[in-house]
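Peer 1: Below is the structure, and that's it, no one-letter string:
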DNA sequence: CGCGAGGTACCTCATTTGTGGTATCACTTT
DNA sequence: AAAGTGATACCACAAATGAGGTACCTCGCG
């Protein structure tokens, strides 16, 4: 490691204070430099094209769009982009989707800064890095069945307090079909009733409040 | 404003990166200095007694206890403590409880740093400061009826997917009484069924996942 | 002391939900 | 072509839920 060019880091988060913290941390490292910041998904995509950073730190929750969508948008044009999700804890579904969409790392905001620096260097070196606590979360639900799009849609309606008949009307299907979907949802999530299905769906990030 | 002694700020948050951001921001101001940091509630209470800061920035979610409890613990011994809640968005109930417990300000982490500095100075000057978006959130539910302790307890059981009979057994009351509680809960929250009651309870911070 | 709030309990009845089946159709994968 | 998956639909029946009452007890507050 002689006089390599520094790792150019791009930070995307809608919390200015957190960005400030990242900036201070990254710029304090001799082998890194913060090359850009963004606070929205739109900004992030635009800025990425301009800067082509080595590493992108991406929050999952942004004001205008999901971090996952930003991830997908960037990687569809730049498949080699090295993107690390940096977020407060979300459900296992979000983690899984991020990794499937090509995230190279997944970090929690409450982790020690040294961990972040570590992951940045490893991902820059071409590795993938998911901390054990996240990995175990993921394994926990590895064998679980996955809800279909339609089922998620129904679950959202259930969470809104609609009864089966109302859901049927809203989705233009019969009440009986709604029942079938809910039955499958409860089976897949291991819920004993629709209410618990909603609780579990929220906890696992399958639906949002 | 001659050569006053600087405002001594104490930051409590379990996100090291965020604390770093706050530290950088506060220390960059001529009239402020960060005098201490803590990442847990226990640490916070202990450190407060040692440092007696002018302003405390307190996160609502800490690993060991609720920020509200820290607030109460500190203010029971130091009623003059000037504490500002600094958190990502929570339900109106959390905000209300924080203010009732004596918080002098309530800020969101995604607000611009200038806003934070502003609030620190105003609260230090003896004022209270709640940003309009928070205040409006609060007003939204001002006239709402408040759930009783028992009702919250029942709502938690409902969220766990228990049926009325199970809740009755777990709380050592009759199933009929559970029904009465749930009826009241739905009326107060404006929910059309138990499931929506859970959704609303979660959104408003009455119960947690 | 009386009054209101909160918690408890019981009753009835209509509606909704959950369970167990069977079956068709479109689409993808093998 | 066959098998699998997801979505749709219907039936019947048991169980749970929600809506409407009434009533009693305790505790704290004015």
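Peer 2: Received, thanks. Small disclaimer: the values here were computed from a predicted structure and weren't measured.

Peer 1: who in chain A is up against DNA strand C?
Peer 2: Residues of chain A lying near DNA strand C by C-beta under 7 Å from any atom of the strand: A:163, A:164, A:165, A:179, A:180, A:182, A:183, A:186, A:192, A:193, A:194, A:195. C-beta here means a position set from N, CA and C on the backbone, and glycine is covered the same way.

Peer 1: Of all pairs in the residues you listed, which one spans the longest distance?
Peer 2: A:165 and A:192 (22.0 Å; C-beta to C-beta).

Peer 1: More neighbours: which of the two?
Peer 2: Neighbours per residue, other C-beta atoms under 10 Å in any protein chain shown: of residue A:165 and residue A:192, the larger number sits with residue A:192, 14 against 11.

Peer 1: Counting neighbours, which of the residues of chain A next to DNA strand C comes out on top?
Peer 2: In these, the most neighbours by other C-beta under 10 Å go to residue A:195, 24 neighbours.

Peer 1: Please name the nearest non-neighbouring residue to that one.
Peer 2: Take residue A:195 and drop its neighbours on the chain: the residue closest to it by C-beta to C-beta, 6 or more residues apart in numbering or on different chains is residue B:195, 4.5 Å away.

Peer 1: next one: residue A:116
Peer 2: Distance criterion C-beta to C-beta, 6+ apart; nearest residue to residue A:116, sequence neighbours excluded, is residue A:107 at 6.1 Å.

Peer 1: pretty sure that neighbour belongs to a helix, no?
Peer 2: No. Judged by DSSP: H, G, I helix; E, B strand; the rest coil, residue A:107 forms no part of a helix; its state is strand.

Peer 1: Following the chain onward from the lowest-mean-pLDDT helix or strand in chain A, which element is next?
Peer 2: The helix or strand of chain A with the poorest confidence is helix A:132-140; it has a mean of 88 (mean pLDDT, DSSP states H and E). Going down the chain from helix A:132-140, the next helix or strand is helix A:149-159, by DSSP states H and E.

Peer 1: Any chance you could list what contacts that next one?
Peer 2: A:147, A:166-167, A:170-171, A:178, A:181-182, A:184-185, A:188, A:194, A:197-198, A:201-202, A:206-207, B:195-196, B:199 (C-beta atoms under 8 Å, 6 or more residues apart in numbering or on different chains).

Peer 1: Please narrow those to those residing in strands.
Peer 2: Using DSSP state E, no member of these falls within strands.

Peer 1: Also within reach of DNA strand D: list those from the residues you listed.
Peer 2: Near DNA strand D, by the rule C-beta under 7 Å from any atom of the strand, you find A:171, A:181, B:195 out of the contacts of helix A:149-159.

Peer 1: re the thing from before, from the contact counts, what lies against the least confident helix or strand of chain A?
Peer 2: On a contact count with 3 or more C-beta pairs under 8 Å, 6 or more residues apart in numbering or on different chains; DSSP states H and E, helix A:132-140 meets helix A:92-100, strand A:105-108.

Peer 1: highest average neighbour count across those?
Peer 2: Stretch with highest mean neighbour count among the helices and strands packed on helix A:132-140: strand A:105-108 (a mean of 22; mean count of other C-beta atoms under 10 Å in any protein chain shown).

Peer 1: Flag the shaky bits of chain A, pLDDT-wise.
Peer 2: Within chain A, the stretches with pLDDT under 70 are A:1-3.

Peer 1: Enumerate the residues of it near DNA strand D.
Peer 2: A:148-151, A:168, A:171, A:173-174, A:176-177, A:179-181, A:193.

Peer 1: where do the helices sit along chain A?
Peer 2: Taking DSSP state H to define them, one finds helices in chain A at A:16-27, A:41-51, A:67-77, A:92-100, A:113-124, A:132-140, A:149-159, A:164-171, A:175-189, A:194-203.
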